[in-house]
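Visitor: Here is a sequence together with a model predicted from it:
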Amino acid sequence: MSADPLASDAVQVVQEPGPNELRDPLVRAELKRASVWFGLAIGVALIVLLIQPLLIIFGGLVFASMLDGGARLLGRILPVPRTLRIVIVVLLVIAFFGGIFYMTGVQIAQQAELLRQTLEFQANKLAHWISDLGLMPGRSDLTGLLQQALGSVGRLTSAVGSAIGGVASLLMIVVLGLFVALEPRIYERGLQWMVPSDARDSFALTISRMATTMRRLLAGRLLGMLIEGILIWFFLSLAGVPMALLLGIITGVLAFIPNIGAFISGVMMVTVGFSAGQETGIWAIIIYFGVQNFDGYVVIPMVARRTVDMPPALTLSSQILASTLFGVLGLALADPIVAMIKVALESEAERAAKADDASDHRPFRWRVRHGGRHAPRTEFTEPTGGDLTS
């Protein structure tokens, strides 16, 4: 008699794998598919819920690229360690803005209050004129219209637009940017470690291209901001437009946001110009279009040759979507985000093209089955050129 109870005829054991058997290839394949779709859904939900922190992190990377570009530029003339160059760049930036506000702080504060009053008066005057023409039914007070418009804005946009939220977000962006700019290799190695080994070469190349593109894009953007701000201030001062210094600063800051920033600064400039007289308003229009044409036909083409050349419609569409979904911060970062996506797609297309070229030179292998046995493989290499029938 056998000591094994399973050997008895009364005990029957099912040998086929069941639905909980993970060693079954079919079950494992289905679990992999389900985990991929489940993980994708979780990822999309997390992105939607955590979009504000993600934008702050990306803003920190943008600020780190600015510091890195300044440190690289300083390294050409000052051979000192990278950390010291980053500190010098930060001190120079603080000294630059501190000097501007120290020399013109009182003037800027006075012009800011005057600008607010002028814009409000001109906007209400325009609204009353449109209402008199019968084109604006109901209440024509601009303040009420703005309150109605702001009431429909989502919770995320209003939080970003608040003063406390804006200052806190800016502070976190600066701190993150400083940490990344001081030791970028630590974070780069961490990202590469999370990628499979066979894909790390292409991933490292893509990251390097993104960093180079970001530095060039931001360098061109800062150059355009500086040029527009100085030109607007200089020519408005010559034309006698009030608050020329403040309008130049606002134009330079808003130049970081292409298309939309230029439109907002142009409206403010023309409004202030017409508040001082019809001739001054016409000069403001001429100066605005002159500076914008110079920026569009001289500065931007020079920058586009060294960085990502994005179509204006693509840039404007991304800004509209980002501002609608993510608020002011999304509007400011829409252009760098699209540039990074474009670089990633171009790198992926290049990798796929190389894979296709490698597969084109791979010989064909024919395997013929005869009577349950495989015949030896026969290789046939496709000719690289010429007619197959010749």
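Guide: Structure received.

Visitor: rest of the way, CA atoms for contacts and neighbours
Guide: Fine.

Visitor: Look at the residue most central in space within the chain and give its secondary structure.
Guide: The centre of the chain sits closest to I337, judged by Cα atoms, centre = their mean, with a distance of 2.0 Å. In three-state terms, and counting by DSSP: H, G, I helix; E, B strand; the rest coil, I337 is helix.

Visitor: Let me know the pLDDT of it.
Guide: On pLDDT, I337 comes in at 87.

Visitor: do the same with the one 5 residues further on
Guide: As summarised for this prediction, K342 has a pLDDT of 87.

Visitor: need the helix or strand of this structure with the lowest average pLDDT.
Guide: Least confident helix or strand, the chain: helix 155-161 with a mean of 43, by mean pLDDT, DSSP states H and E.

Visitor: Where does pLDDT dip in the stretch 1-150 of the chain?
Guide: Counting by pLDDT under 70, the stretch 1-150 of the chain has low-confidence residues at 1-24, 103-113, 132, 134-150.

Visitor: C-terminal to the least confident helix or strand of the chain, what's the next element?
Guide: Counting by DSSP states H and E, the next helix or strand C-terminal to helix 155-161 is helix 163-182.

Visitor: Just give me how far that following helix sits from the chain centre.
Guide: Per Cα atoms, centre = their mean, to the nearest Å, the displacement of helix 163-182 from the mean C-alpha position of its chain is 16 Å.

Visitor: before we move on, the earlier item: quick one, what contacts the residue nearest to the centre of the chain?
Guide: Counting by Cα atoms under 8 Å, 6 or more residues apart in numbering, I337 makes contact with nothing.

Visitor: Helices of the stretch 151-300 of the chain, residue ranges please.
Guide: For the stretch 151-300 of the chain, the helices defined by DSSP state H, counting those that start in this stretch cover 155-161, 163-182, 184-193, 200-239, 244-254, 260-275, 278-294, 300-304.

Visitor: Packed most tightly, which of those would that be?
Guide: helix 244-254 (a mean of 23; mean count of other Cα atoms under 10 Å).

Visitor: Show me what the helix or strand containing I94 is packed against.
Guide: Applying DSSP H and E as the criterion places I94 in helix 82-132. Judged by 3 or more Cα pairs under 8 Å, 6 or more residues apart in numbering; DSSP states H and E, helix 82-132 is in contact with helix 51-75, helix 142-151, helix 163-182, helix 244-254, helix 260-275.

Visitor: what about those, which gets the closest to F289?
Guide: Of all the helices and strands packed on helix 82-132, helix 260-275 sits nearest to F289, with 8.6 Å by Cα to Cα.

Visitor: what about that closest one, average pLDDT?
Guide: For helix 260-275, the mean per-residue pLDDT is 82.

Visitor: now swap in stretch 231-250 and tell me
Guide: 85.

Visitor: And the helices of the stretch 151-300 of the chain: which comes nearest L345?
Guide: helix 200-239 (9.5 Å).

Visitor: low-confidence ranges in the stretch 251-390 of the chain?
Guide: For the stretch 251-390 of the chain, the ranges with pLDDT under 70 are 301, 303-309, 360-390.
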